[in-house]
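[1] pasting the sequence and the predicted coordinates here, then a few questions.
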Amino acid sequence: MAEAEITFSYGEGEDIFHSFSFSAAEGEHVLLLAPPGSGKTTLARIITGSVPAYSGGSLSGFVSVCGRDILSLPVPERMEYAGRVSQNSDEMMLFSCVEEEILFPLANLGLAEDEIERRLSSVLALLGLEKYRKVPSSELSGGEKRRLMLAILFAVDPALYILDESFDELSPSWRRKLAGMIHTSPRSILVLGSHELGEYSGVFDRVISIEDGKAGEYRRTELKRLEYRKSLESEHVLDVSSLSIERRHRSTGGSGFTLSVPSFSLRSGECAVLMGENGSGKSSFSRVLSGLLEEKSGSVMLDGRVLSPRERRRSAAVLMQNPYEELFLPTVGDELESTGAAASLIEAALSMFSLEREWYTAEISYGRAKLLQAALFYLLRRPFAVFDEFDSSLPYEESQAAVRAFLESGSGVIVITHDEAFAASLPGKRWEITEGVLHEC
Amino acid sequence: MTSDSKNNAGVNGGKRTALHISLIAISAAIVAVFTIAVRIPVPATSGYISLCDAAVVFVASAFGPFTGLIAGGLGTAAADLAGGYPQFAVISFIVHGLEALLIGLVTKRGSDALAFKVISAVIAIAVVAGGYLLLEVLFLTTFPAALVEVPMNAIQSGAGAVIGLVIYTAVRKAYRNLDSIRW
Amino acid sequence: MNADSYIYGTSFYHRFDVRPKLLFTLLYIIAVFFAESWYGIAGIVLLPLLISLSSVGAAETLRAIRRILPILILLFVFLPLQRRDGTPALVFSGTVIATEEGIYAVIRTAARFTALSMILMLLLMTSRNESIIAGLRFYHLSYNASIILSVMLRFIPYLGSVFSCIRDSMSLRLTEGKRGFPIFPSVTAFIVSAVRMIPDTASALEERGFGRKGRTEYRRLENGRWLLTEFALSAILPLIMLIIFR
């Protein structure tokens, strides 16, 4: 049904894939688990056509879907055969309004108007986006954007679905729903991921991996509980009291969210886990802690002293959901040197986070971009750090190693995650947002 | 099937409409954001210099005169519309489009020569300051009222042109694929 | 940063179909340039003012006026320089400050400027960008041009947020004792991130089927009961103004 064997390299570099082969029968659901930088996204892009058409590189081999070698088809003609959900939703967003985004590919398919209407309303319902129909995509949260991208794929309904880390950024309840949708789908589905999730169990027919550019076997690793040596270097306390945050959907005149935080506290070298539905205000809370967003009322205190937003910027770091929002210098080395840290510390951070100084920031994978983001804030040594869905696109061990590095250096860490298993592996208190209130559970 | 990095058009059968659309739309958005958001405070006059000309010149020198014409014009017009000054949109389109077209025609890709900076600044000043004066007098305001804007427009466009070329050199260094996007 | 000035509402001008609204706006602009009598000068300002008050309210109307105020003030400040050779109207200790012709010219220019600004602001405040583009399509704006406009409108607020993100994260990285954010590196970083999106967006367009044959021309503007009436009104009103306000 879907079959491929490809060899590929970007420009002058070494082969990303060397006779990599893969197949999925009709209705078969395959999970591909591999570490960041192993070529998962490149594989998705090769199948749908953006690589090499927009990246350059040399590709040989074939990808056949429904008996047709789709590599010989122009990119737009491939949409009935294969479609992907990118792990970076922003990179695939084209229009200013949710509805337009879904209508565009359906009109391009040449469907009749009533069929377009039918598919539009059915995917809006399927992914819980009805109330956002006319909302600008810029007002959506990370999880809502991901659901929009999934809605587009389900509306187009190609023969082969490729979901690139699509469970990331979805809340546990949406992860379960997505797993259910995959399970009952009659289509061939390839899910790309960097670690196993509880929600995956019973959904997939096969699990595969990539090893040195070839198809390989996936080896399970146990998720262990995070242990760390507590640093005694500094003793700071971050206190939040009667905080209230408000965000509005400007376009519809209301219906955004409000979040209230009656009280929250964290000490140096301590870990706290924060969970909550998509769009409940987790990222907004972290932006308030680091002074990037103004609260409506309430206070944030360091060691009993109320901090202005400007002072908070040096007290709390945020590792934002989308790492590219914080990376913009030409190379990995330039990024790390911009922190002003000593050369020996930079060397240590490079090896700690498995990075190479010469890599171009614009060319590294999403997962490696997250590690670079971690290295950057690790060198900045802020007393507190928020990991906003850092664990997505990374194997558990790497996410845990990053959290451990921060904790052992004496930072207090807040981990925002949707992953129940990962949350359970972390030490410290657990917090949750339910019905607009952040509370301890 | 093999596709070579130098032959990007191969897969699409030579049709690159999608790339042109994306190039023009995003360049125009860059110009609009520069016009609205990127401002350098001038302590002496407690006002701001908008960097819109820097973006127009960047787009013209990085992506050529035609993209510059459309994106420079569209971006500044969009900024006028979005910023609440729709009456200037058409004038901005013509003036900045022309500015980008001329600068795109004279600048050589990758050249860092001082001469280009000077020529670009002269073109920018002449086209922007002169263009606004002429068109505003014809359609919107009176001669003396339009004359008031001339010195500020001249400073802004002249400085903008030089800054735009400096940015171009810096961006080209940071993003290796810049040249491959031009058409 | 927002790329639209749309203000949510259900007023008569909000519900006025965008196609006749575009026609009305264009014809009105033409009519504005022909208004010469004192009645005409008052009329071209009053009409958009009334529509504005009834559709977006007093506060938004005032905001729009406040934006054009500096230029209006400038026009009147330079009044003495207008038409020095005309009939003296304002004389102060023997010096002619303004002539009748000068006053007339300035008031007419100010009215024209106000009318133009208001009628265009009204179009933008009462129609969503998507429907304006759909309306332009009705007047045969090419499909590719309409895609350029739509994609640009998505990227203006998005790149605006990217720029503030870069500024924010530059400020999160600042070492002790420094304030603000470095402008030049931020601007360069911003352009690099934006330019990187060009191939990604082109690819997204194609992966969603841009360039396929047999595309459905999906109609999003409904032909309501009043459409013909609205078209007639949009054509006749400016025409009447043209005739009686000359």
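    Structure received. Residues are numbered from 1 along each chain as shown, chains lettered A, B, ... in the order given.

[2] which parts of the chain are helices?
    Going with chain A. A:40-48, A:50-53, A:98-108, A:113-126, A:142-156, A:172-184, A:282-289, A:309-315, A:332-337, A:343-352, A:366-380, A:396-408, A:420-424 (DSSP state H).

[3] the chain in question should be chain B.
    All helices of chain B, identified by DSSP H, fall at B:17-37, B:52-83, B:89-106, B:114-139, B:143-147, B:150-174, B:178-181.

[4] mean neighbour count added to the ones you listed, as CSV?
    C-beta here means a position set from N, CA and C on the backbone, and glycine is covered the same way. Shown next, in CSV, are these (neighbours: other Cβ atoms under 10 Å in any protein chain shown):
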stretch, mean neighbour count
helix B:17-37, 26
helix B:52-83, 27
helix B:89-106, 23
helix B:114-139, 18
helix B:143-147, 18
helix B:150-174, 21
helix B:178-181, 17
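
[5] nearest to residue C:103, out of those?
    Checking those against residue C:103 by Cβ to Cβ gives helix B:143-147 as the closest, at 14.6 Å.

[6] picking that back up, mind putting the helices of chain A into JSON lines with mean neighbour count and mean pLDDT?
    Below are the helices of chain A laid out as JSON lines (neighbours: other Cβ atoms under 10 Å in any protein chain shown; pLDDT from 0 to 100):
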{"stretch": "helix A:40-48", "mean neighbour count": "25", "mean pLDDT": "96"}
{"stretch": "helix A:50-53", "mean neighbour count": "26", "mean pLDDT": "92"}
{"stretch": "helix A:98-108", "mean neighbour count": "22", "mean pLDDT": "95"}
{"stretch": "helix A:113-126", "mean neighbour count": "15", "mean pLDDT": "96"}
{"stretch": "helix A:142-156", "mean neighbour count": "24", "mean pLDDT": "96"}
{"stretch": "helix A:172-184", "mean neighbour count": "17", "mean pLDDT": "95"}
{"stretch": "helix A:282-289", "mean neighbour count": "24", "mean pLDDT": "92"}
{"stretch": "helix A:309-315", "mean neighbour count": "17", "mean pLDDT": "88"}
{"stretch": "helix A:332-337", "mean neighbour count": "20", "mean pLDDT": "91"}
{"stretch": "helix A:343-352", "mean neighbour count": "14", "mean pLDDT": "95"}
{"stretch": "helix A:366-380", "mean neighbour count": "25", "mean pLDDT": "94"}
{"stretch": "helix A:396-408", "mean neighbour count": "21", "mean pLDDT": "94"}
{"stretch": "helix A:420-424", "mean neighbour count": "17", "mean pLDDT": "92"}
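
[7] rank the helices of chain B by pLDDT, which is bottom?
    In terms of average pLDDT, helix B:178-181 trails the rest of the helices of chain B, at a mean of 80.

[8] with just CA atoms, put that one into CSV.
    Provided in CSV are the C-alpha atoms of helix B:178-181 (Å, rounded to 0.1, in the frame of the first residue of the first chain):
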residue,chain,number,x,y,z
LEU,B,178,19.6,33.8,1.2
ASP,B,179,20.9,34.0,-2.4
SER,B,180,19.0,30.9,-3.5
ILE,B,181,15.7,32.6,-2.8
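
[9] where does pLDDT dip in chain A?
    Within chain A, the ranges that satisfy pLDDT under 70 run A:233, A:248-256.

[10] so what are the domain limits for the chain?
    Picking chain A for this. Segmentation of chain A into domains, based on automatic domain parsing, reads A:2-217, A:237-440.

[11] wait, chain C was what I had in mind.
    According to automatic domain parsing, the domains of chain C span C:12-128+C:224-244, C:142-207.

[12] need the residues of the stretch 201-350 of chain A near chain B, please.
    With Cβ under 8 Å from any Cβ of the partner chain as the criterion, the stretch 201-350 of chain A meets chain B at residues A:329, A:330.

[13] so how far is chain C from the closest residue to chain B within the stretch 201-350 of chain A?
    Nearest residue of the stretch 201-350 of chain A to chain B (Cβ to the nearest Cβ) works out as residue A:330 at 4.0 Å. Relative to chain C, residue A:330 is positioned 8 Å away (Cβ to the nearest Cβ, to the nearest Å).
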